[in-house]
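> Sequence first, predicted coordinates after that:
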Amino acid sequence: MVLRESRPFEPGCFTFVTFVAILALTQAKCIPTERRDAPGVGIDLTMAYGAVAIHYKNGTTRDLGPVDGSPGYLAAMQSMAEDAGEYRLPIPLPQEASRCSSTCTNSAPREPGHEQLHKPIRTFYPHPIIMDWWWSLKAWCTDTFERLGLSAPIANEDDPPDLYWDDIWIEATADMLSKIKSTILDKVDPPLKYNDVVTIWPDFEADTYSIYSGLFRQACTPAGLRHLGGYIASYSSLLYDGVQVDDYYDWGEEECEPSAPYAMLVVSYNAASLGITMNTRQFGRPWPERLVESPQHGANQRNGSEEYWDEVKGMLESVIQCEVVDHLLLLGSHAYDTDLIQSINEVIERHANIKSSILDRYNSSRSETARDGNLPLFTAARRAAVIAQRRMERGFSEDPVYCDEHEKDTVRKNSHSEL
């Protein structure tokens with residue numbers, strides 16, 4: 001497929017949407033008690049399956065699924081991952097040292113496989129967080145026009161079609177979401193009264209001008225779901241894993257002793273793909289610095305040969321380069337694969353500046369019962385469910401907006417009595 005250059009912003013519509021959004025925020029509507037007490041639903045759309053988590057107001061979380069993707073879904077996700085590479089630059093050979101080292105201590109030869117890797121393109125385009133808000137505002141604008149019975153602003157008819165809004169991608173993702181809704185969400189006991197969800201996407205979406213995040217949002221509507229927001233998998237999973245996002249300014253200029261991890265390696269391994277992402281802190285938030293999504297190296301593609309694992313090690317080397325990795329997170333249905341963990345261990349041993357202790361919690365000497373077997377499957381979905389529950393309760397405000405003062409006083413009294 002040949003894609004034209006993406007157009008993330010439409011200045012005229014953006015100005016109008018921003019004005020309407022500010023006006024709406026200044027006149028926030030109250031949230032009914034029934035909605036505030038409703039659970040939040042998080043859906044993690046991986047390259048191979050969809051995982052669901054439901055987070056309740058009392059703090060408990062239920063894991064549901066996973067739901068295996070159909071052949072059409074697997075093909076669509078692979079196509080999107082490959083297409084996203086068109087918006088990335090090839091990862092160069094290691095030339096720069098890590099943030100706190102003056103030289104690269106890894107002298108091991110490079111393994112095959114690095115030529116497939118890409119890094120996010122750094123251009124004049126706004127930060128992904130800003131783009132995420134832009135798409136949210138645009139979706140809200142369209143929804144508002146529909147509710148009022150009006151027509152949303154129409155783009156210039158002379159503009160070429162948005163070929164990256166591929167109907168096949170949207171249809172396949174919508175079918176997957178519909179399957180999740182019919183087989184899981186519609187059968188939850190007690191029944192869910194709302195179809196609001198927060199979705200998680202593979203890391204290949206990062207820094208692609210929000211092209212694919214908009215697609216995932218759009219797929220929710222035909223599936224009968226209302227989109228509350230979405231994030232890439234590594235970001236959501238790292239937050240669930242306890243990584244803080246608000247201590248960017250705690251970093252010292254002269255000493256390399258951060259109060260939280262700076263370089264975070266996330267490896268997602270499932271039947272359909274192998275994803276490796278090096279996250280570093282940008283504006284206090286972990287965000288991909290280098291990544292690869294390789295459907296050619298999914299667990300179903302392994303043939304037991306040394307060549308397969310040599311290529312996996314090569315991809316790990318190319319993504320890590322000389323970064324001082326201080327946090328490791330494994331995700332996916334095959335996260336605990338012993339050969340994968342062994343390959344990661346061998347790569348880490350080549351880097352004198354990386355502590356082997358980051359692999360301790362995945363050490364095979366620990367009994368299987370000591371592990372949360374569902375954790376790699378549901379890490380991202382669990383975090384998404386927590387975010388969804390908060391948005392059900394508060395919207396996008398810090399505190400709930402009550403419908404009357406009596407209700408507000410009642411809630412305040414109950415909260416004080418619990419203390």
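Great, that's in hand.

> which regions of the stretch 101-250 of the chain sit below the pLDDT cut-off?
For the stretch 101-250 of the chain, applying pLDDT under 70 flags the ranges 101-136, 138-140, 142-166, 246-250.

> Show me where it has its helices.
When secondary structure is read from DSSP state H, counting those that start in this stretch, the stretch 101-250 of the chain shows helices at 128-147, 167-183, 211-220, 233-240.

> tell me which strands and helices the second one is in contact with?
Meaning helix 167-183. Helix 167-183 sits against strand 40-45, strand 49-55, strand 61-68, helix 71-84, helix 211-220, with contacts defined as 3 or more Cβ pairs under 8 Å, 6 or more residues apart in numbering; DSSP states H and E. The way it works is simple: take the backbone N, C-alpha and C, and place the C-beta from them, glycine included.

> And stretch 352-360, what's buried?
Residues of stretch 352-360 classed as buried: 353, 354, 358, 359 (neighbour count, 16 or more other Cβ atoms under 10 Å).

> by contact count, what packs against the helix or strand containing residue 293?
Secondary-structure assignment from DSSP states H and E places residue 293 in strand 285-294. Using 3+ Cβ pairs under 8 Å, 6+ apart as the contact definition, the elements that strand 285-294 packs against are strand 118-120, helix 233-240, strand 274-282, helix 306-320.

> what angle sits between it and strand 274-282?
With axes from the mean of the first three to the mean of the last three Cα atoms, to 10 degrees defining the directions, strand 285-294 sits at 160 degrees from strand 274-282.

> mean confidence for strand 285-294?
Across strand 285-294, pLDDT averages out at 90.

> returning to what we had before: if we only consider the buried residues of stretch 352-360, which is nearest to residue 195?
Here the nearest of the buried residues of stretch 352-360 to residue 195, counting by Cβ to Cβ, is residue 358; it sits at 39.4 Å.

> got a list of what the closest one touches?
Residues counted as contacts of residue 358 (Cβ atoms under 8 Å, 6 or more residues apart in numbering) are 265, 325, 326, 327, 328, 348.

> Farthest pair within these?
327 and 348 (12.4 Å).

> mind showing which ranges of the stretch 301-419 of the chain have poor pLDDT?
364-371, 396-419.

> And the closest residue to residue 280 other than its chain neighbours, how close does it get to residue 262?
For residue 280, the nearest residue in space outside its immediate sequence neighbours is residue 289; the separation is 4.5 Å by Cβ to Cβ, 6 or more residues apart in numbering. Separation of residue 289 from residue 262 (Cβ to Cβ, to the nearest Å): 11 Å.

> Pull up the overlap in contacts between the two.
Where contact means Cβ under 8 Å, 6+ apart, the residues bridging residue 289 and residue 262 through contact with each are residue 280.

> doesn't residue 389 fall inside a helix?
Yes - in this structure, residue 389 lies within a helix as judged by DSSP: H, G, I helix; E, B strand; the rest coil.

> check contacts around the nearest residue to it once chain neighbours are set aside.
With Cβ to Cβ, 6+ apart as the criterion, residue 389 has its nearest non-adjacent residue at 2.9 Å, and that residue is residue 40. With contacts defined as Cβ under 8 Å, 6+ apart, the neighbours of residue 40 are 54-55, 196, 198, 384-392.

> what do you get if the cut-off is 7 Å, keeping everything else the same?
With contact taken as Cβ atoms under 7 Å, 6 or more residues apart in numbering, residue 40 is in contact with 55, 198, 385, 386, 387, 388, 389, 390, 392.

> Bridged to it, which residues?
Residue 40 has the following beta-bridge partners by DSSP bridges: residue 55.

> Tell me the buried residues in stretch 49-63?
For stretch 49-63, a neighbour-count test (16+ other Cβ under 10 Å) marks 49, 50, 51, 52, 53, 54, 55, 61, 63 as buried.
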